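Engineer: Fold the following.
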Amino acid sequence: MSDPSTPAHERRANPAHFQPSVPVMLVLVVLLVAGAYVMLRAHAPASATSSTVPTSLTSPGASSTTVPTSSAAVVKSRVRVQVANGTLVTGLAGTYTHQLLTQGWDVLPAANALGARPAATEIFYNPGFKQAARMLASSIQVSPSAVAALGGLNPVAGAHNDDVIIILGPDASKK
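Structural biologist: Next comes the predicted model:
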């Protein structure tokens, strides 16, 4: 213990009761806030951007024509996809749901389509998801002509807010 005959100003402070000075505390707080800011910005969702790149088409003896092509970055994990069975084949939507899930798409649980059965697979998209719908068509080997805007249609119960809706037709059961 400490010697009671030693004056208080000469006694050593107990290291268990160390308290840093105010400037040191301010620096630590600033570093903590800056670190939190950097970490939150690093994990912020990246938005998909679209760019238009002009493409020149020329042939000998012809004039030059510039055709704009659109290239949009699609982040699969940020596209909500609903696969619905429009056939009588049990489990077909589940099979396609699993396939798309393994490819990195944000796939919702399989469902059954409402209304009449389609003659072929149909892919509907909400505004801003046309490129994703085309990628999905290619992925499941469906003609690009099967891709259409959702508009006011409601082919699956509760799916009006989904980004892309795939209604599987008889052609899907043959693949």
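
Engineer: give me the low-pLDDT residue ranges for the chain?
Structural biologist: Scanning the chain for pLDDT under 70 picks out 1-16, 40-72.

Engineer: could you redo the last one with a cut-off of 80?
Structural biologist: Segments of the chain classed as low confidence (criterion: pLDDT under 80) are 1-18, 20, 34-72, 175.

Engineer: Nearest spatial neighbour of residue 148, chain-adjacent residues omitted?
Structural biologist: Nearest residue to residue 148, sequence neighbours excluded (CB to CB, 6 or more residues apart in numbering): residue 124, at 5.8 Å. Just so you know, the C-beta spots here come from the backbone N, C-alpha and C atoms, and that holds for glycine as well.

Engineer: What about the one you found, how many residues nearby?
Structural biologist: 24 (other CB atoms under 10 Å).

Engineer: can I assume it sits in a strand?
Structural biologist: Yes: counting by DSSP: H, G, I helix; E, B strand; the rest coil, residue 124 is part of a strand.

Engineer: Correct me if wrong: it contacts residue 149.
Structural biologist: Yes: contact criterion CB atoms under 8 Å: residue 124 and residue 149 qualify, at 7.0 Å.

Engineer: from the middle of its chain, how far away would the helix or strand containing residue 37 be?
Structural biologist: Here residue 37, judged by DSSP states H and E, is contained in helix 22-42. Offset of helix 22-42 from its chain centre (CA atoms, centre = their mean, to the nearest Å): 30 Å.

Engineer: pull the CA atoms of that helix into CSV?
Structural biologist: C-alpha atoms of helix 22-42 as CSV (Å, rounded to 0.1, in the frame of the first residue of the first chain):
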residue,chain,number,x,y,z
VAL,A,22,-9.6,16.1,-23.1
PRO,A,23,-7.6,16.6,-26.3
VAL,A,24,-6.9,12.9,-26.5
MET,A,25,-10.5,12.1,-26.0
LEU,A,26,-11.5,14.6,-28.8
VAL,A,27,-9.1,13.0,-31.2
LEU,A,28,-10.5,9.5,-30.3
VAL,A,29,-14.1,10.7,-30.9
VAL,A,30,-13.2,12.3,-34.3
LEU,A,31,-11.4,9.1,-35.4
LEU,A,32,-14.4,7.0,-34.3
VAL,A,33,-16.9,9.2,-36.2
ALA,A,34,-14.7,9.3,-39.3
GLY,A,35,-14.2,5.5,-39.2
ALA,A,36,-18.0,4.9,-38.9
TYR,A,37,-18.6,7.3,-41.9
VAL,A,38,-16.1,5.5,-44.1
MET,A,39,-17.5,2.1,-43.2
LEU,A,40,-21.1,3.2,-43.9
ARG,A,41,-20.1,4.7,-47.3
ALA,A,42,-18.3,1.6,-48.3
